[in-house]
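Student: requesting a structural model of the entry that follows:
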Amino acid sequence: MSRDIRPQGHRPAHTARRDERGEGVISAAIAVLIMAFIGVGMWFAFNATFQHTAKNVDTQINKCIGQTNPSC
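Tutor: Below you'll find the predicted structure:
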């Protein structure tokens, strides 16, 4: 019997690892991209909220402090 002939269904241990090489890197890259998109979305939401709040604060300051208004 030759050394090159193996029984059917037998695979060396190193071939299983070779097939999965890079899986962790790809998964990590996908996770990083997902987190980046979530971060961008959160930045736009924060920026819009901050600008709206700043506009309201400016309006209230100009209305109450800039003029003598007894209702403030």
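
Student: what's the single longest helix in the protein?
Tutor: Ranked by residue count, the top helix of the chain under DSSP state H comes out as helix 23-64.

Student: now do it: which elements does it pack against?
Tutor: Helix 23-64 makes packing contacts with no helix or strand when contacts are defined by 3 or more CB pairs under 8 Å, 6 or more residues apart in numbering; DSSP states H and E. Just so you know, the C-beta spots here come from the backbone N, C-alpha and C atoms, and that holds for glycine as well.

Student: let me see the mean pLDDT of that helix.
Tutor: When pLDDT is averaged over helix 23-64, the result is 94.

Student: can you count the residues close to Arg21?
Tutor: 8 (other CB atoms under 10 Å).

Student: tell me the secondary structure for it?
Tutor: For Arg21, the reduced secondary structure class is coil; criterion used: DSSP: H, G, I helix; E, B strand; the rest coil.

Student: for it, give its distance to Ser27.
Tutor: Here Arg21 is placed at a distance of 13 Å from Ser27 (CB to CB, to the nearest Å).

Student: same deal with Ala45?
Tutor: Ala45 is 27 Å from Ser27, where distance means CB to CB.

Student: ok, Phe46 next?
Tutor: Distance of Phe46 to Ser27, given as CB to CB: 28 Å.

Student: go on, Phe37?
Tutor: Using CB to CB, one gets 16 Å for the distance from Phe37 to Ser27.

Student: pLDDT score assigned to Pro7?
Tutor: Looking at Pro7 specifically, the model assigns a pLDDT of 61.

Student: what of the one 4 residues further on?
Tutor: At Arg11 the predicted local confidence, pLDDT, stands at 61.

Student: going forward, begin numbering at 59 instead of 1
Tutor: Yes, from this point I'll number from 59; that puts the last item at Arg69.
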